[in-house]
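> okay, predicted coordinates and the sequence, questions at the end:
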Amino acid sequence: MGIFTKRTKAEKSELVAVFDIGSASVGGALFFVQKSGVPKIVFSVREKIIPQPQIDPKNLLTEIRKALNNVARQMAVSNFGAPKKIFCVLSSMWHISHNRVIRIKKNTPFVFTDKLANGLIEKELKLFKEDYLGQYVKNDKQIRVIELKNIKTTLNGYEVLNPYKQKANDLEMTLFISMAEEEVLSNIEDVIAQHFHTRDVVFSSFIMASFTVVRDMHSHQKDFILIDIGGEITDISIIKNNALIGSASYPLGSNFIARDMASILGSNLEEAKTFFSLYKDGHAEERIHQRFDPIVKSSQTRWLDRFQSSLNTLLNDISIPNTIYLTIDKEFADFFINIIQNEQFNQYILTSSKFNIKLIDNSLLYKVAAFEKDTTRDVFLIMDAIYINRF
């Protein structure tokens, strides 16, 4: 299936489009793939989605479609021409991903071949589809594999980059597989086709994109945690020895605190968002701050509880890396960084030292992407473009 074959980069610069589908916004960018490894972004746009009082996947997909239509229309009339390829990077709101480990141990040596690899992968894909259908998909919905990556392969206990035609008694392959509902993917393809006249879209997960970019940028940092806090969902990924060993998600993103406030105060969501903004920025009057404080602290505890339980599930007694790379909308960054750096929490989860949180922002990415003059710097789209530039 070619998962061990290194892709050949474009011989010359070519225009590519990427769409970033989150849980609270849709972004889009046009950029030139460059052999230097540094993409040149010439157009970038993002449209936010108004949060709803309750999360309803069907309604959210409708809003995503509307936002995608607006973003695609702006990209199509940007006068940069038609992109040669179109990519779409999905947040975990729209897909499910898992690491799958394949193990074979025999008394006599065997040769690693295409036939062996393909047979093992096809079997594992079938098992994953069965698990996915049984646990996550209802009403006989169709699903599609969107991503299959080799994370790590070892022969006789030693990691190898290209195992083909090598002999071994012991094989272990770690695969990263992502699947999504056909309805979601078709809706995205329909909108893109309206503006770019093609349904040929390559889908990827933001989990894999962010892992690859951070790993390659900070190769000295072999153990770390990736946290992506979107509007409706938080993703946590654990990396040990430069390998993605697991990911977990829970439905508490940056919007949930405003929902908690709206529910307790009996206000609408927009009012609650304003209250929360005043609170987190330190602009609320003292009596208002005192009223909001127990609500926010309760929400913080709920988020931390899910964070800790996710870490425990992923690590299963493996030591917790203390370096965190965080992606989040800038307006919420300081608030969530303060939560994670809480002294009591660090002691509670028994880290060897305090978390060292590195916010992935423009200052961290400024050397790995180039920009047309006056192009908006969107951190998520920059990471998408850097990742795609490797294809």
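Thanks, I have the structure now. Numbers count the residues shown, from 1 in each chain.
> from Ser237, how far out is the nearest residue to Lys167 once chain neighbours are set aside?
Leaving aside its chain neighbours, Lys167 sits nearest to Pro109 (4.5 Å; criterion: C-beta to C-beta, 6 or more residues apart in numbering). Any C-beta I mention is one placed from the backbone N, CA and C, and that applies to glycine too. Separation of Pro109 from Ser237 (C-beta to C-beta, to the nearest Å): 35 Å.
> tell me which of the two has more neighbours.
Using other C-beta atoms under 10 Å as the criterion, Pro109 and Ser237 rank with Ser237 on top: 25 against 11.
> check the secondary structure at Phe152 for me.
Rather than Phe, residue 152 is Lys. Under DSSP: H, G, I helix; E, B strand; the rest coil, the three-state class of Lys152 is strand.
> just grab the bridge partners of it for me.
Taking DSSP bridges as the rule, Lys152 bridges to Thr174.
> and the gap between it and Pro321?
According to C-beta to C-beta, Lys152 and Pro321 sit 17 Å apart.
> do Glu372 as well
From Glu372 across to Pro321, the span is 37 Å (C-beta to C-beta).
> isn't the residue nearest to Lys167 up against Leu171?
No: between Pro109 and Leu171 there is no contact under C-beta atoms under 8 Å: 10.7 Å.
> hmm, back to that, more crowded one of Glu372 and Pro321?
Remark: of Glu372 and Pro321, Pro321 carries more neighbours, 21 against 14, as counted by other C-beta under 10 Å.
> just after the helix or strand bottoming out on mean pLDDT in the chain, pick out the following helix or strand.
Within the chain, no helix or strand scores below helix 343-348, which has a mean of 50 by mean pLDDT, DSSP states H and E. Next helix or strand after helix 343-348 toward the C-terminus (DSSP states H and E): strand 356-359.
> pLDDT on stretch 70-89, on average?
Per-residue pLDDT over stretch 70-89 has a mean of 96.
> I misspoke; the intended subject was stretch 104-122.
For stretch 104-122, mean pLDDT is 93.
> give me the buried positions along it.
Buried residues in stretch 104-122, defined by neighbour count with 16 or more other C-beta atoms under 10 Å: 112, 117, 120-121.
> now, which of those residues lie within strands?
Judged by DSSP state E, strands contain none of these.
> okay, helices next: where are they in this structure?
Applying DSSP state H to the chain gives helices spanning 57-76, 114-135, 182-196, 206-217, 256-265, 269-280, 286-315, 330-340, 343-348, 362-365, 379-388.
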